[in-house]
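Just to be clear, the model below is a prediction. Sequence and coordinates:
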Amino acid sequence: MKRTTFVLSVCLLLFFSIMNFCVSCNSQEKDIRRPAVAGQFYPASATDLRKQIQQFFQAAKLVSVPGRIVGMISPHAGYIYSGWVAAHGYRQLEGKKYETVIIIAPSHFETFSEISVYPRGGYETPLGVVFVDEEMAEKIAAQSSRIILSNKGHRQEHLIQREHAVEVQIPFLQMVLKDFKIVPIVMGNQSYENSQTLGNAIAKAAKGHNVLIVASSDLSHYHPYQEAVDIDSRLISYVEKFDFSGLAEAISKREVEACGGGPIVATMIAAEKLGAKKVKILNYANSGDTMGDKSRVVGYLSAVFYRQMEKNPKKKEVGIDLGLSKKDQEQLLEIAKKTIVCCVKGEPIPKFEVSSPKLLEKRGAFVTITKYGRLRGCIGSILPTKSLYQTVQEVAESAALHDPRFPPVRPDELEYLKVEISVLTVPQKIQSIDEIEVGKHGLIIRKGYSQGLLLPQVATDYGWDREEFLRATCRKAGLPTDAWKQPDTEIFVFSAEVFGEE
């Protein structure tokens with residue numbers, strides 16, 4: 001009897017465990033927004049979809065954007081109409097890293113007055129599921145009662161036609177970015193007031209985070225070819241001038257057209273508040289260019305908003321002076337550059353004759369490689385185990401070939417690369433965050449087996465304060481952003497002498 005009771009108890013326990021697991025799975029599955037326009041706006045087959053986007057990228061021109069892309073405008077029509085234009089924007093993101101992409105779209109088929117942020121789960125495409133950054137979604141929604149966490153505008157199982165404007169952006173992102181999350185947003189009411197509210201909310205929530213904001217919008221609809229070009233040219237002129245208030249007024253007066261005018265204005269507002277001051281128009285076309293019928297066309301624009309890189313950064317803006325002479329710096333840059341060229345081309349790395357005592361000192365160092373102002377590789381050695389020039393040589397090769405975030409540098413990229421060197425001091429553990437001096441110190445945060453490091457110039461480049469710098473270093477370590485507050489987390493500071501090619 002006891003044995004029978006025991007077996008029955010075990011069976012019941014297993015049954016309820018399985019049921020709870022299934023309920024959990026079903027709950028999570030319900031939060032995944034299934035593709036609504038796969039097979040209509042873009043191929044339903046993952047293989048065909050990858051092939052089509054790769055063809056768009058091959059045809060799209062890669063241009064120099066001298067800074068960090070914060071926001072972009074991208075069309076959302078069927079790929080055969082607008083995919084080539086969209087590719088001009090997304091190709092600029094190759095080799096870049098964003099933790100979160102905020103996609104803002106209009107509502108085409110559902111009427112509501114709020115700004116709807118998809119709260120949890122993810123969006124699925126034939127290329128897989130991209131999950132929602134729930135923390136960022138909640139932070140954005142918390143800024144205003146006009147912004148709600150809701151499925152409105154995202155899922156319309158009750159409608160014949162379903163929203164596509166967020167969905168069609170995601171496969172392009174999946175092709176160029178890794179390890180990112182999304183915040184899908186649909187604007188029910190695209191008034192200027194709502195655009196301001198959303199732009200300000202995103203800027204406040206995203207400050208100190210590595211985000212990209214995408215405005216999903218087509219331009220004028222169903223005019224003859226030349227008339228459409230004229231209307232769209234007026235809109236583009238507002239974008240080029242970064243005049244979001246003028247653009248909003250022109251849209252309200254029907255002087256220009258954009259089905260996602262609200263998302264464009266909100267993106268411009270947020271991007272400007274996050275430091276973007278420059279605009280680059282990458283491509284404009286309309287359906288008459290892509291499909292041939294010029295009697296009733298739809299306009300498409302690809303543009304980016306970016307934080308401009310300083311042309312002549314002051315060498316002593318960050319870090320400290322470790323006594324390296326100009327000649328020392330020039331020799332280290334020469335060692336790094338020659339090492340990169342030789343290892344990328346598969347040639348033997350030359351032996352360097354070094355006599356400067358400063359270069360023979362044991363030092364840690366990082367070598368950072370950029371291309372068109374974008375990070376292309378960064379590897380370093382923290383502790384002073386080898387002579388400085390040997391450390392630079394080793395980490396230069398690793399930055400070019402072995403940074404796991406990027407593919408190895410190709411020979412055809414060499415002429416476009418710039419090199420920066422950070423010569424490090426030995427890290428020191430601190431007891432209080434009050435010891436951290438932004439602009440002077442880099443950070444190492446360690447908790448258990450997790451560790452993250454950010455160089456001193458990173459905080460300066462992003463305009464972070466002390467706590468933003470701490471949160472960002474926690475993210476780099478793969479830890480919760482408030483892990484620095486926990487008693488078993490170790491915080492180290494170090495400084496660096498930073499110099500590079502102008």
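It's in.

To what extent is residue 137 buried, counted in neighbours?
24 (other CB atoms under 10 Å). (Glycine included, C-beta is placed from N, CA and C.)

That one reaches residue 116, doesn't it?
No. Shown here, residue 137 and residue 116 do not form a contact pair, counting by CB atoms under 8 Å, at 10.7 Å.

so how far is stretch 427-446 off the chain centroid?
26 Å (CA atoms, centre = their mean, to the nearest Å).

start to end distance for it?
12 Å (CA to CA, to the nearest Å).

Give me the mean pLDDT for that stretch.
In this model, stretch 427-446 has a mean pLDDT of 95.

Give me the below-cutoff pLDDT ranges for this protein.
1-28, 309-317, 372-373, 502 (pLDDT under 70).

how about the nearest residue to the residue nearest the centre of the chain, chain neighbours excluded?
With distances taken as CA atoms, centre = their mean, residue 98 lies nearest the centre of the chain, 2.5 Å away. Residue nearest to residue 98 in three dimensions, not counting chain neighbours: residue 212, with 4.5 Å by CB to CB, 6 or more residues apart in numbering.

Is the one you found located within a strand, as I assumed?
Yes. Under DSSP: H, G, I helix; E, B strand; the rest coil, residue 212 sits within a strand.

Surely the residue nearest to the centre of the chain touches residue 179?
No. Applying CB under 8 Å, one finds residue 98 not in contact with residue 179, separated by 9.3 Å.

which helices and strands sit right next to the lengthiest strand in the chain?
With secondary structure taken from DSSP state E, the chain has its longest strand at strand 297-308. When contacts are defined as 3 or more CB pairs under 8 Å, 6 or more residues apart in numbering; DSSP states H and E, strand 297-308 packs onto strand 67-74, helix 79-90, strand 221-223, helix 225-240, helix 261-273, strand 278-286, helix 287-291.

Looking at the ones you listed, which is nearest to residue 205?
helix 261-273 (9.4 Å; CB to CB).

Kindly format the C-alpha coordinates of the closest one as CSV.
Presented in CSV, the C-alpha positions along helix 261-273 are these (Å, rounded to 0.1, in the frame of the first residue of the first chain):
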residue,chain,number,x,y,z
GLY,A,261,5.8,60.8,-40.8
GLY,A,262,5.3,60.5,-37.1
PRO,A,263,8.0,57.8,-36.7
ILE,A,264,10.4,59.9,-38.8
VAL,A,265,9.9,63.0,-36.6
ALA,A,266,10.2,60.9,-33.4
THR,A,267,13.4,59.3,-34.6
MET,A,268,14.9,62.6,-35.5
ILE,A,269,14.0,64.0,-32.1
ALA,A,270,15.4,61.0,-30.2
ALA,A,271,18.6,60.8,-32.4
GLU,A,272,19.4,64.5,-31.9
LYS,A,273,19.0,64.2,-28.1
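
so it versus strand 278-286, what angle?
160 degrees (axes from the mean of the first three to the mean of the last three CA atoms, to 10 degrees).

Residues contacting helix 261-273, please?
With contacts defined as CB atoms under 8 Å, 6 or more residues apart in numbering, helix 261-273 is touched by 70-73, 102, 104-106, 185, 187, 189-192, 194-196, 198-200, 202-203, 206, 213-217, 239, 242, 244, 247-248, 251, 258, 305.

and residue 64, how many residues sit next to it?
That count, for residue 64 with other CB under 10 Å as the rule, works out to 12.

meant to ask about residue 250, not that
19.

The residue nearest to residue 98 contacts residue 89, doesn't it?
No. Counting by CB under 8 Å, residue 212 does not reach residue 89; the two are 10.4 Å apart.

Spit out the residues that contact the two alike.
Residues touching both residue 212 and residue 89 (CB under 8 Å, 6+ apart) are residue 72.

so which strand or helix has the residue nearest to the centre of the chain?
Assigned by DSSP states H and E, residue 98 falls within no helix or strand.

For residue 46, which non-adjacent residue is closest in space?
Closest to residue 46 by CB to CB, 6+ apart is residue 126, at 4.3 Å.

Run through the residues that contact the one you found.
35, 38, 43, 44, 45, 46, 49, 171.

Now rank those residues by neighbours and give me the top one.
Sorting the contacts of residue 126 by how many neighbours each has (other CB under 10 Å) puts residue 171 first, at 27 neighbours.

Now do the same for that one: helix, strand or coil?
Assignment for residue 171 (three-state DSSP): helix.

tell me the contacts of it?
42, 49, 53, 125, 126, 127.

want to try JSON lines for those residues, with distance to residue 433 as columns?
JSON lines is the format used below for the contacts of residue 171 (distance: CB to CB, whole Å):
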{"residue": "42", "distance to residue 433": "48"}
{"residue": "49", "distance to residue 433": "47"}
{"residue": "53", "distance to residue 433": "44"}
{"residue": "125", "distance to residue 433": "42"}
{"residue": "126", "distance to residue 433": "46"}
{"residue": "127", "distance to residue 433": "41"}
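
wait, which of these is closest to residue 411?
Using CB to CB, residue 53 comes nearest to residue 411 of the contacts of residue 171, at 25.5 Å.

do you know how far the closest one is from residue 127?
Using CB to CB, to the nearest Å, we find residue 53 at a distance of 9 Å from residue 127.
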